[in-house]
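Asks: Predicted model and sequence follow; I will ask about them next.
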Amino acid sequence: MQALDIIRNSMDFDPQMGQPEQLFALLESVANKTIIYLDREKRIFTEANLVSVGGKKLRNSVLRMSFEFHKDPESYHSLPHEIVVNLAAFFELCDALILLWVQSSQGMVSDAIVNEILGSVRWRDRFWTVADTVKVDAPGLALLALHWHWVLKHLVRQIPQLLMNHEDKTSWWWSVFHN
């Protein structure tokens with residue numbers, strides 16, 4: 001159903017371009033956006049299942065503490081580190097922004113761009129895995145900081161240009177993640 005919404009939102013023909021060429025480019029773009037959409041939905045589903053069935057073995061990971069904090073903030077009177085507050089929100093916001101973009105009619109997505117987008121988003125996935133593995137201690141936070149540096153470099157700084165077709169509309173994305 002989401003793929004049909006993507007197609008419907010993308011059906012805006014340019015009268016100056018030939019109909020067959022435009023239709024082919026539009027269908028290629030919709031197919032590429034659908035690939036990104038399905039990739040993100042699969043990852044979100046997998047992560048939700050990992051968190052719900054994870055049990056007690058990783059209960060004290062930074063990510064699990066962050067999710068628990070967001071479920072019940074009153075249960076935490078003092079957090080071990082401020083990253084715990086923001087980590088779950090980062091992943092939720094990142095996923096929401098990508099899914100919102102996929103469902104919009106903005107931008108044509110070529111095969112090369114879809115590969116770059118998926119490559120950038122893999123850094124978010126690696127960061128999620130690390131955050132779900134490390135504890136809130138000095139070595140764990142150091143490893144998390146190292147991975148955040150890579151996420152900043154490969155996702156936060158690159159994905160806006162990829163999603164917005166290199167237009168100068170990327171300040172909103174940067175301001176969301178950089179502040």
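Replies: On my side now, so go ahead.

Asks: average pLDDT for stretch 28-40?
Replies: The average pLDDT within stretch 28-40 is 92.

Asks: do the same with stretch 61-72
Replies: Average pLDDT, stretch 61-72: 85.

Asks: May I have it as CSV, with CA atoms only?
Replies: Only the C-alpha atoms of stretch 61-72 are listed here, as CSV (Å, rounded to 0.1, in the frame of the first residue of the first chain):
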residue,chain,number,x,y,z
SER,A,61,23.0,-1.7,27.1
VAL,A,62,22.9,2.0,26.3
LEU,A,63,20.2,1.5,23.8
ARG,A,64,18.0,-0.6,26.0
MET,A,65,18.3,1.9,28.8
SER,A,66,17.3,4.7,26.4
PHE,A,67,14.2,2.8,25.2
GLU,A,68,13.2,2.1,28.9
PHE,A,69,13.8,5.8,29.7
HIS,A,70,11.4,6.8,26.9
LYS,A,71,8.8,4.4,28.0
ASP,A,72,8.9,5.6,31.7
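
Asks: Could you look up the SS state of Leu79?
Replies: The local conformation at Leu79, judged by DSSP: H, G, I helix; E, B strand; the rest coil, is coil.

Asks: Now name the helix or strand holding the closest residue to it other than its chain neighbours.
Replies: With sequence-adjacent residues excluded and distances taken as Cβ to Cβ, 6 or more residues apart in numbering, Leu79 is closest to Val85, at 6.4 Å. For every residue, glycine as well, the C-beta is placed using N, CA and C. Val85 belongs to helix 83-103 when elements are defined using DSSP states H and E.

Asks: For that helix, buried residues please.
Replies: 83-84, 87-88, 90-91, 94-95, 97-99, 101-103 (16 or more other Cβ atoms under 10 Å).

Asks: which ones are touching the residue lying closest to Phe91 once chain neighbours are set aside?
Replies: Distance criterion Cβ to Cβ, 6+ apart; nearest residue to Phe91, sequence neighbours excluded, is Trp128 at 6.0 Å. For Trp128, the contacting residues are 47, 63, 91, by Cβ atoms under 8 Å, 6 or more residues apart in numbering.

Asks: Helix or strand: which one has Trp128?
Replies: Secondary structure from DSSP H and E places Trp128 in helix 111-133.
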